[in-house]
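Colleague: Sequence below, structure please.
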Amino acid sequence: MPPKNRVDPAQLRSAVLAVADWLRDETLPTPPRTELAAAVRLSARALAQDAPGNAVEVRVPPFVAVQCLEGVRHTRGTPPNVVETSPRQWLLLATGLAELSEAIANHQVSASGHRAADIAAYLPIVRVTPGG
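Modeller: So this is what the prediction gives:
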């Protein structure tokens, strides 16, 4: 069943571009919370839209948690497959400025369960070039 509220690609791109300079250079001031929240929520919801299902839960506190990927449905307690990271790290992954396997190896992303890393097949969501 498709999501009721589809993510508008133009709105997603606009939200991500609003924080892109900060993603490229973390010494810049952190974007306003509303801009950061919009970019995180829209990109995570786009992932859930592109990879529907309930096998993996992606958590980006304090902004969003989504379930994605087809497979065994999770209904109660802690899901068996969880990816959790900070808003900045999530956006780096969602934009192609970071790779999931490297982020997991460097402990920038917590990934538990044998399916957690499968979200890498759906990243990046919105490509942002490293230089500009």
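
Colleague: could you pull out the helices for this protein?
Modeller: 9-24, 33-50, 87-94, 100-105 (DSSP state H).

Colleague: Kindly export the last one (C-alpha atoms) in CSV.
Modeller: Spelled out, it's helix 100-105. In CSV, the C-alpha atoms belonging to helix 100-105 read as follows (Å, rounded to 0.1, in the frame of the first residue of the first chain):
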residue,chain,number,x,y,z
LEU,A,100,26.7,3.8,4.9
SER,A,101,29.3,1.1,5.3
GLU,A,102,32.0,3.6,6.2
ALA,A,103,29.6,5.4,8.7
ILE,A,104,28.8,2.1,10.4
ALA,A,105,32.5,1.2,10.5
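
Colleague: now what about that helix, what contacts it?
Modeller: 85, 89, 92-93, 109, 111, 117, 119-120, 123 (CB atoms under 8 Å, 6 or more residues apart in numbering). Where C-beta positions appear, they are placed from N, C-alpha and C, glycine not excepted.

Colleague: which of the residues in it are buried?
Modeller: 100, 103-104 (16 or more other CB atoms under 10 Å).

Colleague: next one: the second one
Modeller: By neighbour count, and taking 16+ other CB under 10 Å as the criterion, the buried residues in helix 33-50 are 36-49.

Colleague: Which of those residues sits closest to residue 10?
Modeller: residue 42 (10.6 Å; CB to CB).
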